[in-house]
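Colleague: Mind folding the following:
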Amino acid sequence: MSFEEQMLDSVNYPHAPWISELWGPVGTRYHALHHLFPSLPYHNLGIAHRRLMQGLPADSPYRRTVAPSLSGAIASLWGRAAASRRKVRDVATDSAEVRRAA
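Modeller: Numbers count the residues shown, from 1 in each chain. Predicted coordinates for the structure are as follows:
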């Protein structure tokens with residue numbers, strides 16, 4: 001995956017800090033930001049996220065990493081994981097069929 005694809009495959013959930021800290025402790029609720037700046041200390045991720053959101057243009061790819069709801073973010077992540085598993089399974093099936101036909 002490219003650098004941008006890795007970031008877009010992640011999610012930031014900066015909302016409701018009281019519940020999101022339980023869901024994503026030690027800064028994992030800013031997972032996409034972590035992909036941009038992996039050495040940034042987790043206790044600075046919230047500040048960095050707010051500064052980026054203030055300074056980036058409306059069409060910035062980073063803005064697409066912000067999930068509007070926790071349940072939606074989890075559902076999206078599960079859906080992408082399932083799609084990825086299906087893709088791997090389909091490629092493996094196609095490869096096996098090619099080997100049998102040869």
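Colleague: What count of nearby residues applies to Arg85?
Modeller: Residue neighbour count, defined by other C-beta atoms under 10 Å, stands at 10 for Arg85. C-beta here means a position set from N, CA and C on the backbone, and glycine is covered the same way.
Colleague: got it, and Val91?
Modeller: Counted by other C-beta under 10 Å, the residues lying close to Val91 total 10.
Colleague: What lies in contact with stretch 33-43?
Modeller: Residues external to stretch 33-43 that are found in contact with it (C-beta atoms under 8 Å, 6 or more residues apart in numbering): 3, 6-7, 10, 12, 26-28, 30, 45, 48-49, 52, 62, 65.
Colleague: Might you report the residue contacts of the nearest residue to Ser69 once chain neighbours are set aside?
Modeller: Using C-beta to C-beta, 6 or more residues apart in numbering and skipping residues adjacent in sequence, the residue nearest Ser69 is His15, 7.9 Å away. Remark: with contacts taken as C-beta under 8 Å, 6+ apart, His15 is in contact with Pro68, Ser69, Leu70.
Colleague: what do you get for Ser71?
Modeller: Taking C-beta under 8 Å, 6+ apart as the definition, Ser71 has no contacts.
Colleague: so Asn12 sits right up against Gly46, yeah?
Modeller: No: counting by C-beta atoms under 8 Å, Gly46 is not a contact partner of Asn12; they are 10.0 Å apart.
Colleague: biggest helix in this protein by residues?
Modeller: helix 70-101 (DSSP state H).
Colleague: tell me which residues in it are buried?
Modeller: Buried residues in helix 70-101, defined by neighbour count with 16 or more other C-beta atoms under 10 Å: Leu70, Ala73.
Colleague: pLDDT of that helix, averaged?
Modeller: Helix 70-101 shows a mean pLDDT of 78.
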